[in-house]
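J.: Sequence and predicted structure below; questions after.
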Amino acid sequence: MENWKENSNKYGAIEWEKDPDFLYYIQANIPLDIGMQLIEIREKFMQDNQIRGGERVDVSNLHVTLALPGRLGTHFQKNDVSYMKSTLKNVFKEAAPLPLRFEGINIFSSVLWAQVFDLSNRLQSIHETICNEIPFSEHPDYRYQNYLPHASLLYGGSGDLQLAVRDFPALECLIDTIEFGRVKDETVSDKFREVIETYQLG
């Protein structure tokens with residue numbers, strides 16, 4: 001609620017900037033059936049609140065970020081990718097699927113996202129384990145106690161959201177696939193996305 005109060009009047013005021021380097025990511029993929037429902041919720045929310053423009057996240061790329069290790073060319077070394085692959089294999093080798101609940105729309109200054117609730121209280125622990133094992137980070141200020149699980153739905157756009165109805169019926173699922181990969185940019189406008197490794201839970 002505090003996040004909404006702080007950011008609702010800023011919505012659409014900040015533009016995303018492209019970055020020339022590849023961003024490495026670790027994410028929990030959202031099952032397709034839940035993803036389709038989130039897309040319907042997003043479209044209704046946009047229509048109800050007359051949101052214009054923006055870049056919609058495709059259903060095939062809906063996810064919950066676990067960590068953003070960083071970008072090649074800033075602080076990576078030659079063997080860091082293979083190190084991350086083996087480290088993540090150890091982190092997830094005996095991990096059970098993650099039960100998550102999606103409930104309610106929230107906002108960063110230019111991103112609409114679905115709130116994510118961790119039903120097993122394990123997501124934060126997994127995030128912190130990754131941070132401890134892979135110390136470099138794209139956004140160190142978003143790690144540990146500042147980690148906020150969410151599923152981005154729309155980048156950019158404009159509209160007045162101060163009176164928006166943000167609730168939607170809870171959606172629950174089991175997350176059983178973790179993906180390690182790289183993208184050219186954090187927004188969805190650039191199509192380049194390469195999966196380096198996937199890890200099955202359970």
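T.: Perfect, thanks for sending it. Numbers count the residues shown, from 1 in each chain.
J.: Which helix or strand in this structure has the lowest average pLDDT?
T.: Ranked by mean pLDDT, DSSP states H and E, the weakest helix or strand in the chain is helix 2-7, scoring a mean of 80.
J.: For the helix or strand following that one, which strands pair with it and how are they oriented?
T.: Using DSSP states H and E, the helix or strand that follows helix 2-7 in sequence is strand 23-29. According to DSSP bridges, strand 23-29 forms sheet pairs with strand 63-71 (antiparallel), strand 177-183 (antiparallel).
J.: List the contacts of strand 23-29.
T.: Strand 23-29 has contacts (CB atoms under 8 Å, 6 or more residues apart in numbering) with 62-72, 76, 81, 84, 88, 98, 100, 130, 138, 175, 177-186. In this view, the C-beta of every residue, glycine as well, is placed from N, C-alpha and C.
J.: If we use 6 Å, what do you get?
T.: Residues outside strand 23-29 that contact it (CB atoms under 6 Å, 6 or more residues apart in numbering): 63-69, 71, 175, 177-180, 182-183.
J.: Select from those the one having the most neighbours.
T.: Each of those was scored by neighbours using other CB atoms under 10 Å; the highest score is Ala67's, at 27 neighbours.
J.: what residues are up against it?
T.: By CB under 6 Å, 6+ apart, Ala67 lies in contact with 26, 130.
J.: Go again with 8 Å.
T.: With CB under 8 Å, 6+ apart, Ala67 has these contacts: 25-26, 127, 130-131, 134, 137, 143.
J.: now His75
T.: His75 neighbours (CB under 8 Å, 6+ apart): Phe136.
J.: do you know how far Val116 is from Ile51?
T.: Shown here: Val116 relative to Ile51, a distance of 21 Å by CB to CB, to the nearest Å.
J.: Kindly reformat the strands paired with strand 23-29 as JSON lines containing mean pLDDT and distance to Glu43.
T.: As requested, the strands paired with strand 23-29 are exported to JSON lines (pLDDT from 0 to 100; distance: least, CB to CB, whole Å):
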{"stretch": "strand 63-71", "mean pLDDT": "92", "distance to Glu43": "19"}
{"stretch": "strand 177-183", "mean pLDDT": "94", "distance to Glu43": "24"}
